[in-house]
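**Student:** here is my input, please return the structure:
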Amino acid sequence: MANRLQEQAPGLAHWPQSPEEVAAVREQLERLLRDPLFSQSRRYPSLLRRIVEDSLTGNVDNLKERVLGIELFHRTPDYDTNADAIVRVTAAEIRKRIAQYYHEESHRTEPRIDLPVGGYVAEFSPPRTWIEIGTGSAVTEVAGEHSRQEKLSEPGNGHRHSSHLGLKVLAGSFVTLMILAIAFWAWYESRNEVDEFWRPFIRNGALPLLCVGQLPVNTVPQGTPDSLARALLSQRPVSISDAVVVSDYATYFGTKEIRPRIQVSTTTTYADLRQHPVLLVGGLDNNWTMRFLEGLRYRMHADPNSSVLKIYDSTNPSGQAWEMDFAKTPEHIADDYAIVSRFNAPATESTLIIAAGLGENGTAAAADFLLHSQYLKEIDPGATPQWKTKNMELVIKTQIIDGNAGPPVIVARYFW
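**Tutor:** Take a look at the predicted model:
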């Protein structure tokens with residue numbers, strides 16, 4: 001056991017090897033796929049399962065973008081992989097969800113499955129406890145036991161060997177501590193990026209308000225004015241997509257032991273917005289979002305006589321605009337756009353965050369952006385990110401693949 005651990009410690013490149021280790025990877029795959037990060041989707045589990053199985057069996061020739069697109073996503077053999085990025089987008093989302101899964105403390109001692117950027121071949125690592133044993137002093141002591149006994153039998157070797165062994169143990173412990181310190185710092189920095197962005201919402205016992213937009217409803221009133229039917233029909237619903245987004249935000253606040261107040265936009269008053277950090281979810285369906293956007297550089301517009309919705313730059317209204325045509329069928333809508341902003345609002349004397357898409361996928365991409373450090377780092381990659389000290393507004397784009405939002409990409413930014 002000790003020898004095997006020693007061989008695997010540098011880089012852990014050859015794990016798994018035995019049938020038992022391969023079985024452990026497959027068990028871990030099933031554990032991953034049962035998690036809500038994967039179980040609520042059809043695309044992500046199918047691609048991840050295919051990648052893991054072919055990686056384990058060495059069938060890496062089957063893990064090409066075109067092959068995966070044809071066999072898993074039913075594309076034609078001559079489809080354009082540049083125009084149709086379904087495999088790349090799905091793989092990027094899988095990488096993100098794997099990172100989220102292993103970010104949880106309860107999963108950190110499990111075998112690890114990774115999908116490195118730039119390819120579709122999986123990499124596997126044994127549980128962390130094995131790594132720590134393999135790189136720590138325990139292996140050094142066990143592996144050195146036989147030679148220690150031999151050298152101790154030689155006159156004058158006892159003290160010298162003890163000194164050498166002590167140095168080895170000390171060096172091994174130091175390296176282990178350095179590795180753990182680097183890993184902790186990387187984890188802390190990643191976590192801190194999200195917490196830094198949401199600091200006004202989670203500090204000093206803040207009670208944030210989540211204000212979500214509502215769908216328009218055109219129904220014929222039923223019954224008398226005081227009937228239950230009229231009361232129910234007068235309640236404008238929230239889209240399922242926006243409800244899921246609000247749940248994601250609430251889950252994040254829950255990790256900080258904060259229970260935000262959640263209200264629909266039509267029942268939210270100006271008094272509700274005063275002196276509390278506020279998150280506005282949804283764009284054209286949220287009247288408060290539209291009112292606050294009127295004071296910002298990037299704004300949304302819907303022409304009653306057109307099916308085209310757009311985000312435009314108010315400093316150059318006739319210039320570039322980011323548009324989405326709702327007259328098209330879902331399969332012909334390739335992109336959605338959203339506005340993400342965080343600023344101190346004088347009108348409410350508090351911090352206000354807007355996460356608003358032209359469509360539901362745009363709003364979902366905005367939520368994805370605001371809850372993951374790898375996206376927040378792209379706001380301003382400078383040495384001292386401006387968003388940490390300034391107001392900011394972004395326009396983000398997301399590619400729609402099979403009705404789902406892909407990774408968010410910044411297409412415009414403004415600080416003040």
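
**Student:** just the pLDDT for R88.
**Tutor:** R88 carries a pLDDT value of 89.

**Student:** take the helix or strand where L352 lies, keep the C-alpha atoms, and write them as PDB.
**Tutor:** In this assignment (DSSP states H and E), L352 forms part of strand 350-357. Provided in PDB are the C-alpha atoms of strand 350-357 (Å, rounded to 0.1, in the frame of the first residue of the first chain):
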ATOM      1  CA  SER A 350     -28.900  51.800  -0.500                       C
ATOM      2  CA  THR A 351     -27.000  49.500  -2.800                       C
ATOM      3  CA  LEU A 352     -29.100  48.300  -5.800                       C
ATOM      4  CA  ILE A 353     -28.200  45.400  -8.100                       C
ATOM      5  CA  ILE A 354     -30.000  44.800 -11.400                       C
ATOM      6  CA  ALA A 355     -29.900  41.400 -13.000                       C
ATOM      7  CA  ALA A 356     -32.200  41.700 -16.000                       C
ATOM      8  CA  GLY A 357     -32.400  39.800 -19.300                       C
END
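
**Student:** right, and the helix or strand after it?
**Tutor:** Later in the chain than strand 350-357, the nearest helix or strand by DSSP H and E is helix 360-370.

**Student:** give me the mean pLDDT for the next helix or strand after that following helix.
**Tutor:** Of the helices and strands lying after helix 360-370 in sequence (DSSP H and E), the nearest is helix 373-376. Mean pLDDT, computed over helix 373-376, is 88.

**Student:** quick one, the helix or strand that I94 is a member of and helix 360-370 angle?
**Tutor:** Assigned by DSSP H and E, I94 belongs to helix 86-103. With axes from the mean of the first three to the mean of the last three Cα atoms, to 10 degrees defining the directions, helix 86-103 sits at 40 degrees from helix 360-370.

**Student:** re earlier: how far is the strand holding L352 from where the chain is centred?
**Tutor:** 19 Å (Cα atoms, centre = their mean, to the nearest Å).

**Student:** go on, stretch 290-298?
**Tutor:** 27 Å.

**Student:** need the contact partners of that stretch.
**Tutor:** 280, 283-284, 299-300, 311-315, 339, 341, 343, 345, 352, 354, 356, 393-395, 412, 414 (Cβ atoms under 8 Å, 6 or more residues apart in numbering). For every residue, glycine as well, the C-beta is placed using N, CA and C.

**Student:** just the ones of those residues in strands?
**Tutor:** Assigned to strands by DSSP state E, the following of the contacts of stretch 290-298 qualify: 280, 299-300, 311-313, 339, 341, 343, 345, 352, 354, 356, 393-395, 412, 414.

**Student:** after the lowest-mean-pLDDT helix or strand in the chain, next one along is what?
**Tutor:** Lowest on mean pLDDT, DSSP states H and E among the helices and strands of the chain sits helix 2-8, with a mean of 37. Following helix 2-8 in sequence order, the next helix or strand is helix 19-34 (DSSP H and E).
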